[in-house]
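K.L.:
Make a model of this:
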Amino acid sequence: PAAGPSGGQDNNKLQQQFFEHLRAERNSTDDEFISMEENFVDIKFENKNCIELYEVKTSPHARGCIREALGQLIFYASKISSKKKMKLFVIGPSEMKESDRAYFNFVKDNLSLPFEYLPFRLQTGNI
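P.N.:
Numbers count the residues shown, from 1 in each chain. So this is what the prediction gives:
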């Protein structure tokens, strides 16, 4: 389902809060950087060894966030020409439930994608 009028606003707030959290957590140095909305990627972290792409979604279920984000992440990753290790992250507001985990494991096992789901709440900003 499409996001309602506040869906886009919630996504932007969640994205901004997660960006600030990641920036503070990583304490970037000269050989690492973090960016937001670079070539449509919600958040990108890069250092000398790897590139991490983060796609933020606000679906109420982890499986919905994963379903909405994976196609975008795969497309964005395909446009980056680098020999660095690529890691993909789906960020959503909900903890993963058992039904979500079944979908997550199916996708991860059958597509062999290096991706993770990270719950991040808009209200508290905690992972």
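K.L.:
quick one: Asp42 and Glu52 touch, right?
P.N.:
No. Under the criterion of CB atoms under 8 Å, Asp42 makes no contact with Glu52, lying 11.3 Å away. For glycine as for every other residue, the C-beta is placed from the backbone atoms N, C-alpha and C.
K.L.:
which of the two has more neighbours?
P.N.:
A count of neighbours by other CB atoms under 10 Å puts Asp42 above the other of Asp42 and Glu52, at 25 against 21.
K.L.:
avg pLDDT for stretch 35-51?
P.N.:
For stretch 35-51, mean pLDDT is 91.
K.L.:
how long is that stretch end to end?
P.N.:
Chord length of stretch 35-51, first to last residue, is 11 Å (CA to CA, to the nearest Å).
K.L.:
Which parts of that stretch count as buried, going by neighbours?
P.N.:
Neighbour-count burial for stretch 35-51 flags 36, 41-46, 51 (criterion: 16 or more other CB atoms under 10 Å).
K.L.:
what do you get for stretch 55-71?
P.N.:
By 16+ other CB under 10 Å, the buried positions in stretch 55-71 come out as 55-59, 61-66, 68-70.
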